[in-house]
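# Quick one, what's the 3D model for this:
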Amino acid sequence: MSPSSKNSFGTRETLQVDGKGYEIFRLSVLEKKGVGHAGKLPFSLRVLLENLLRQEDDRFVHSKDIEALASWDPNAATQKEISFMPARVLLQDFTGVPCVVDLAAMREAVRNLGGDPKKVNPLLPAELVIDHSVQVDKFGSDMAFAFNADLEFHRNVERYAFLRWGQKAFDNFKVVPPDTGIVHQVNLEYLARVVFDATVDGKTLAFPDSLVGTDSHTTMINGLGVFGWGVGGIEAEAAMLGQPLSLLIPEVVGFKLHGRLPEGATATDLVLIVTEMLRKKGVVGKFVEFYGTGLSSLSLPDRATIANMAPEYGATMGFFPVDAETLAYLRFTGRDTARVRLVEEYTKAQGIFRTDATPDPIYTDKLELDLASVEPTLAGPKRPQDRVPLRQSKASFEKSLEGTAQKHVAVKNNGDKFELSNGSVVIAAITSCTNTSNPSLMLGAGLIAKKAVERGLHSKPWVKTSLAPGSKVVTDYLEAAGLGKYLNELGFQLVGYGCTTCIGNSGPLEEHIGAAIKDNSLVAVSVLSGNRNFEGRIHPLVRANYLASPPLVVAYALAGRMDFDMATESLGNDKSGKPVFLRDIWPSPQEIE
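Numbers count the residues shown, from 1 in each chain. Sure, this is the predicted structure:
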């Protein structure tokens with residue numbers, strides 16, 4: 001952060017919140033002085049405009065930059081380059097470790113030159129979450145979590161020891177230890193401030209929370225109204241050292257939502273439809289901003305699910321403005337009351353708080369979706385934008401196999417005898433911050449498991465099942481709801497708190513299953529609640545990969561096949577011999593609530 005803005009437009013004012021004064025750079029002053037139309041801008045650009053006002057230094061940010069953004073014309077292409085200085089930097093262990101190594105190297109260089117190495121520290125708050133290293137080596141056992149965590153520490157002991165040293169050595173640097181959660185879910189539930197406050201030149205400033213992160217799905221935090229996106233390690237490190245990011249004033253595509261999700265549809269189904277629509281539209285290098293009355297029917301976790309997949313639909317951000325649901329989520333996740341009050345008062349004072357009565361901002365382009373049209377959906381077998389309605393999933397998969405010889409291979413494994421063929425689901429993983437951050441989805445999975453177990457159903461013996469949530473909060477509420485034991489009975493025991501299967505850390509398949517697939521060139525399938533499904537990403541032996549909601553992951557573990565019609569084929573027979581269909585065990589919204 002610049003120590004002091006030039007304040008060329010006289011926007012610096014004091015905001016009183018519960019008797020405490022905060023200096024802010026008030027956006028409405030610009031319009032009063034005839035500079036631009038901040039009140040009509042997309043909310044995301046209003047946040048960016050505040051950043052320019054606060055950072056104006058005539059070095060990186062000039063008054064003409066402020067004028068250009070305040071006067072943004074959605075119908076005119078611009079090549080105007082501006083600077084953006086985030087409030088903080090978010091790191092994960094794979095891409096974050098090199099940043100810490102460079103800081104350590106700089107300290108060594110300063111010491112060799114006779115200086116004080118302790119003066120080398122991140123200039124912005126930097127927070128690193130260790131989540132990319134745990135692998136699903138053991139599953140289907142109550143000992144899986146402990147086993148996988150122990151193996152993770154053995155594999156990464158030097159890296160973890162180095163990060164532990166870094167946390168103690170550097171100011172402005174925090175580390176969330178391994179086996180705690182996934183970086184984006186930890187950011188959503190704990191780290192994000194929404195409105196930052198900091199002391200500069202002896203005065204307390206309030207300003208929008210913003211960040212860059214060394215992971216593409218940093219955009220998940222856009223669901224909380226926090227401005228930011230994923231960048232490379234060099235850009236993140238530059239920000240840590242006080243250098244702003246350069247970007248062209250972006251185009252902003254408005255995505256209008258109205259109505260409500262129908263019974264049976266989930267946030268996962270919604271985000272896969274949004275991804276398909278935005279891929280067709282073409283939003284690479286653009287901001288996407290969601291607006292309309294439909295936002296009020298979406299929970300904060302639903303919004304985070306949509307924002308998370310901005311890389312998959314190609315946008316720089318998938319931004320949701322702050323509103324009453326944001327405040328409710330901050331309270332629900334235990335944020336300090338004073339923080340919630342500051343968020344509310346600041347965003348309302350700055351015109352960056354939305355309600356259903358808020359006039360629509362101006363946008364470069366627009367899309368619209370009636371939430372009532374959303375239906376149960378998968379995406380696959382190779383790309384997240386290749387949406388397949390659940391009702392067409394069997395036919396779609398069979399079409400993808402055209403020209404592939406069908407084979408049936410007898411396999412013996414752990415005392416079980418079964419056949420594998422093209423379409424056998426060998427991995428069913430409840431994984432990834434995209435969906436495990438969403439209580440409705442996770443409780444839905446637990447309820448399906450409960451009903452399945454009560455009806456006498458079992459996961460198929462060839463399916464590698466796993467539960468890897470992005471936060472310990474998930475296992476806490478599953479246990480509190482009495483649902484954890486049912487997931488366990490279907491083989492969905494906790495395997496770790498980390499990215500696991502979603503980033504390819506699915507671990508080995510059982511030896512005889514892997515050999516059958518490899519020796520017979522079978523088209524094996526994975527079904528996961530993740531965000532990417534490119535061939536070979538999930539497991540080198542699994543060629544077809546489908547993204548699905550956590551409840552559908554459980555359903556496919558029960559079915560064991562992708563060439564399966566969830567509407568007409570039974571998942572098995574209950575204890576009295578009566579067939580059980582997915583509709584019989586699918587939970588209602590009332591049950592989930």
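# name the helices or strands packed onto the longest helix seen in the chain?
Across the chain, the longest stretch assigned as helix under DSSP state H is helix 144-169. Here helix 144-169 touches helix 93-112, strand 173-176, going by 3 or more Cβ pairs under 8 Å, 6 or more residues apart in numbering; DSSP states H and E. (Glycine included, C-beta is placed from N, CA and C.)
# which regions of the protein sit below the pLDDT cut-off?
By pLDDT under 70, the low-scoring segments of the chain are 1-3.
# Show me it divided up by domain.
For the chain, automatic domain parsing gives the domain ranges 12-84, 88-373, 377-592.
# what about the longest one, start to end distance?
I take that to be domain 88-373. End-to-end distance for domain 88-373, by Cα to Cα, to the nearest Å: 38 Å.
# What of stretch 55-72?
Stretch 55-72: ends 19 Å apart by Cα to Cα.
# List the buried residues in that stretch.
Residues of stretch 55-72 classed as buried by neighbour count (16 or more other Cβ atoms under 10 Å): 55, 56, 57, 60, 61, 62, 65, 66, 68, 69, 70, 72.
# Return the distance of residue 189 relative to residue 529.
18 Å (Cβ to Cβ, to the nearest Å).
# try residue 99
30 Å.
# Now residue 111. Nearest residue, chain neighbours left out?
residue 117 (4.3 Å; Cβ to Cβ, 6 or more residues apart in numbering).
# One more: residue 79?
residue 248 is the one closest to residue 79 (Cβ to Cβ, 6+ apart), at 6.2 Å.
# now residue 6
Spatial nearest neighbour of residue 6, excluding adjacent residues (Cβ to Cβ, 6+ apart): residue 56 at 4.7 Å.
# isn't that neighbour right next to residue 11, touching?
No. Between residue 56 and residue 11 there is no contact under Cβ atoms under 8 Å: 9.5 Å.
# on that earlier part again, now distance to residue 6 too, for the domains of the chain, in a markdown table please.
Below are those laid out as a markdown table (distance: least, Cβ to Cβ, whole Å):
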| stretch | distance to residue 6 |
| --- | --- |
| domain 12-84 | 5 |
| domain 88-373 | 13 |
| domain 377-592 | 40 |
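# picking that back up, what about residue 189 and residue 529, which has more around it?
residue 529 (30 against 23; other Cβ atoms under 10 Å).
# Just give me the neighbour total for the nearest residue to that one once chain neighbours are set aside.
In space, and not counting its chain neighbours, residue 529 is closest to residue 435: 4.0 Å by Cβ to Cβ, 6+ apart. Residue 435 has 33 neighbours, counted by other Cβ under 10 Å.
# got a list of what residue 435 touches?
Listed by Cβ atoms under 8 Å, 6 or more residues apart in numbering, the contact set of residue 435 reads 267, 268, 305, 441, 442, 529, 530, 549, 550.
# The second one - that's part of a helix, no?
Read that as residue 268. Yes. According to DSSP: H, G, I helix; E, B strand; the rest coil, the state of residue 268 is that of a helix.
# Now do the same contact list for it.
305, 377, 434, 435, 441, 529, 547, 548, 549, 550, 552.
# ok, now the third one?
Under the criterion of Cβ under 8 Å, 6+ apart, the contact partners of residue 305 comprise 223, 267, 268, 270, 271, 434, 435, 437, 438, 441.
# Now render those residues as JSON lines, adding distance to residue 16.
Shown next, in JSON lines, are the contacts of residue 305 (distance: Cβ to Cβ, whole Å):
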{"residue": "223", "distance to residue 16": "29"}
{"residue": "267", "distance to residue 16": "38"}
{"residue": "268", "distance to residue 16": "43"}
{"residue": "270", "distance to residue 16": "40"}
{"residue": "271", "distance to residue 16": "40"}
{"residue": "434", "distance to residue 16": "40"}
{"residue": "435", "distance to residue 16": "41"}
{"residue": "437", "distance to residue 16": "35"}
{"residue": "438", "distance to residue 16": "37"}
{"residue": "441", "distance to residue 16": "41"}
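# Could you pick out the buried ones from those residues?
So, by 16+ other Cβ under 10 Å, the buried ones in those are 223, 267, 268, 270, 271, 434, 435, 437, 438, 441.
# Strands - which of the residues you listed land there?
Of those, none are assigned to strands by DSSP state E.
# ok, of those, which one's closest to residue 342?
Of all the buried ones among the contacts of residue 305, residue 342 sits closest to residue 223, with 19.7 Å by Cβ to Cβ.
# The closest one contacts residue 303, doesn't it?
Yes. With contact defined as Cβ under 8 Å, residue 223 reaches residue 303; the gap is 3.7 Å.
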